[in-house]
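**Student:** can you look at this prediction? I've put the sequence above it.
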Amino acid sequence: MLAPRKKLWSTPEKAVTAAIGFVAPFKEDDVIYDVGCGDGRVLIKFALLEGTPGETRFIGIEIDEDRATEARENVEREGLSEKITILCQNALMVDYSDATIIFLYLIPRGLRLIKPILLGEENGRKRKKIKVVTYMSEIEGEKYIAKVNVEPEHQKGAGWPVHLYELEAEGGEEG
């Protein structure tokens, strides 16, 4: 399990805004993933960002079929079906080798499980450097390059972190 399943928490608007501040503007060759994309809100906000090139690709991964369907409906409602793809599958079985930016709102155990996959270590390949944004939890063993705390609308007075990382497998070669 990458994220808690008892209660589904959507990424707060302020966390999405902080993530945009870390990774925008997007480039035409960017491939942006949201792992555990839920209702698709992060990718929709990213894709609607002014100045985003039409060639930029957005991919949401969601294991829950109902949430994946909801995300697809939201994407279609916004007219973004050509830019955003929602996949209903286990995030640990996805090939992220084309990713340039990844957004993760996962529990610490989920981050530990997905980290070697993001780095390409699971298949023996080293991968290029990627930007990774996490909400709430840090990636164990990695040093973030930026951090901001956000106060979710539903938790006045709370301050939850959004982190930016640049990850590359040790001795990372373009892969």
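**Tutor:** Yes, it's here.
**Student:** what's the longest strand in this structure?
**Tutor:** Across the chain, the strand with the greatest residue count (assigned by DSSP state E) is strand 160-167.
**Student:** give the residue spans of this protein that score low on pLDDT.
**Tutor:** For the chain, the stretches with pLDDT under 70 are 1, 3-8, 122-127, 169-175.
**Student:** kindly recompute the last result at 90.
**Tutor:** Segments of the chain classed as low confidence (criterion: pLDDT under 90) are 1-12, 53-54, 97, 119-129, 151-159, 168-175.
**Student:** quick one, helices of this structure?
**Tutor:** Taking DSSP state H, the helices of the chain run over residues 13-23, 41-48, 65-77, 108-118.
**Student:** got the CA positions of stretch 81-98 in PDB?
**Tutor:** Output for stretch 81-98, consisting of C-alpha atoms alone and laid out as PDB, is shown next (Å, rounded to 0.1, in the frame of the first residue of the first chain):
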ATOM      1  CA  SER A  81      -8.300  14.400 -22.700                       C
ATOM      2  CA  GLU A  82      -5.700  15.000 -25.400                       C
ATOM      3  CA  LYS A  83      -3.100  16.200 -22.700                       C
ATOM      4  CA  ILE A  84      -3.900  14.000 -19.700                       C
ATOM      5  CA  THR A  85      -4.000  10.200 -19.500                       C
ATOM      6  CA  ILE A  86      -5.300   8.500 -16.400                       C
ATOM      7  CA  LEU A  87      -4.100   4.900 -15.900                       C
ATOM      8  CA  CYS A  88      -5.900   2.500 -13.500                       C
ATOM      9  CA  GLN A  89      -3.000   0.400 -12.300                       C
ATOM     10  CA  ASN A  90      -0.600  -0.400  -9.500                       C
ATOM     11  CA  ALA A  91       2.000   2.400  -9.300                       C
ATOM     12  CA  LEU A  92       4.700  -0.100  -8.500                       C
ATOM     13  CA  MET A  93       4.200  -1.700 -11.900                       C
ATOM     14  CA  VAL A  94       4.600   1.400 -14.000                       C
ATOM     15  CA  ASP A  95       7.600   2.300 -16.100                       C
ATOM     16  CA  TYR A  96       8.500   5.900 -15.200                       C
ATOM     17  CA  SER A  97      11.500   6.100 -17.500                       C
ATOM     18  CA  ASP A  98      10.000   8.900 -19.600                       C
END
